[in-house]
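J.: This is the structure alone, sequence omitted:
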């Protein structure tokens, strides 16, 4: 199956996007990105700017997988080898502003009508698809419904009076965490600290990546990009999450990489 993209007709942006964008600010993608991402470019610790500034120069027009596989990981299999040419999609868009069409179907399968999962980076090659979660100062995301006392499984279970909802990540046909992750038993009322809360963001990114890989018949990789300084804060959650991945091949292809190592990849 080919990689279809929505056709977007945009002129290249003429005014500066942000002083934090160091290269490529003329690309059409900055004319189509949603306002929340554009607004993030002006924050002092902008993850959006870091993702663009470090990856864009190394992916013009494609990114070679081999040197990235050679990066010594913070966590994950250190000796993986693969060669492929990967096309980058930043927050679902190519640098030309086109939206990755297959992403919409993947998001529909995973999230339905709920708030759509935002994947920082998708890299598509002839055989591989890489989904990337990037972190600078932020922590890995938790479930806001659980955090705010609105979890349909715990605070409003299906059998409770007036309950009308269920969590699609436990119940949905194409969106169950447990199809891919060892999350144990379904949450019960008054349960404290369910794994679906702890690993909510990474779980959703994995589901979206799996859906894309299946739709395009490609091999999935899951990467976390962060700094060495931030890694000790994320290490425990990342290693617990990847240790629960059911597929041994995906477990081997799940790697945490340091921004400091990314800069050693040659600029193209």
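T.: Arrived safely, thanks for sending. Here the structure is a predicted model, which means the values were calculated and not measured.
J.: ranges for the helices of the protein?
T.: 35-40, 47-55, 65-69, 101-111, 144-147, 168-171, 195-198, 200-216, 231-242, 248-252, 259-262 (DSSP state H).
J.: mind putting the ones you listed in JSON lines, mean neighbour count, distance to residue 120 and mean pLDDT included?
T.: For glycine as for every other residue, the C-beta is placed from the backbone atoms N, C-alpha and C. As requested, the helices of the chain are exported to JSON lines (neighbours: other CB atoms under 10 Å; distance: least, CB to CB, whole Å; pLDDT from 0 to 100):
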{"stretch": "helix 35-40", "mean neighbour count": "14", "distance to residue 120": "10", "mean pLDDT": "88"}
{"stretch": "helix 47-55", "mean neighbour count": "21", "distance to residue 120": "6", "mean pLDDT": "93"}
{"stretch": "helix 65-69", "mean neighbour count": "17", "distance to residue 120": "15", "mean pLDDT": "95"}
{"stretch": "helix 101-111", "mean neighbour count": "19", "distance to residue 120": "13", "mean pLDDT": "95"}
{"stretch": "helix 144-147", "mean neighbour count": "16", "distance to residue 120": "18", "mean pLDDT": "91"}
{"stretch": "helix 168-171", "mean neighbour count": "18", "distance to residue 120": "20", "mean pLDDT": "90"}
{"stretch": "helix 195-198", "mean neighbour count": "20", "distance to residue 120": "20", "mean pLDDT": "96"}
{"stretch": "helix 200-216", "mean neighbour count": "22", "distance to residue 120": "9", "mean pLDDT": "97"}
{"stretch": "helix 231-242", "mean neighbour count": "16", "distance to residue 120": "14", "mean pLDDT": "98"}
{"stretch": "helix 248-252", "mean neighbour count": "14", "distance to residue 120": "18", "mean pLDDT": "97"}
{"stretch": "helix 259-262", "mean neighbour count": "16", "distance to residue 120": "13", "mean pLDDT": "95"}
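J.: of those, which approaches residue 17 most closely?
T.: Relative to residue 17, the nearest member of those by CB to CB is helix 35-40, separated by 7.4 Å.
J.: For that closest one, which helices and strands make contact with it?
T.: Counting contacts by 3 or more CB pairs under 8 Å, 6 or more residues apart in numbering; DSSP states H and E, helix 35-40 packs against helix 47-55.
J.: Now tell me what touches the helix it packs on from outside.
T.: 18, 20-24, 37, 40-41, 63, 88, 90-91, 120-121, 134-136, 138, 225, 259, 262-263 (CB atoms under 8 Å, 6 or more residues apart in numbering).
J.: Give the buried subset of those residues as a ChimeraX selection command.
T.: This is how ChimeraX selects the buried members of these, with burial counted by 16 or more other CB atoms under 10 Å:
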select :18,20,21,37,40,41,63,88,90,91,120,121,134,135,136,225,259
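J.: ok, back up a step: right, so of the helices of the chain, which gets closest to residue 189?
T.: Of all the helices of the chain, helix 144-147 comes closest under CB to CB, at 12.5 Å.
J.: and residue 186, which of the helices of the chain is closest to it?
T.: Nearest of the helices of the chain (CB to CB): helix 168-171, 5.5 Å.
J.: The nearest residue to residue 182 once chain neighbours are set aside: how many residues sit nearby?
T.: Nearest in space to residue 182, with sequence neighbours left out and distances taken as CB to CB, 6 or more residues apart in numbering, is residue 244 at 4.3 Å. Neighbour count of residue 244, defined by other CB atoms under 10 Å: 19.
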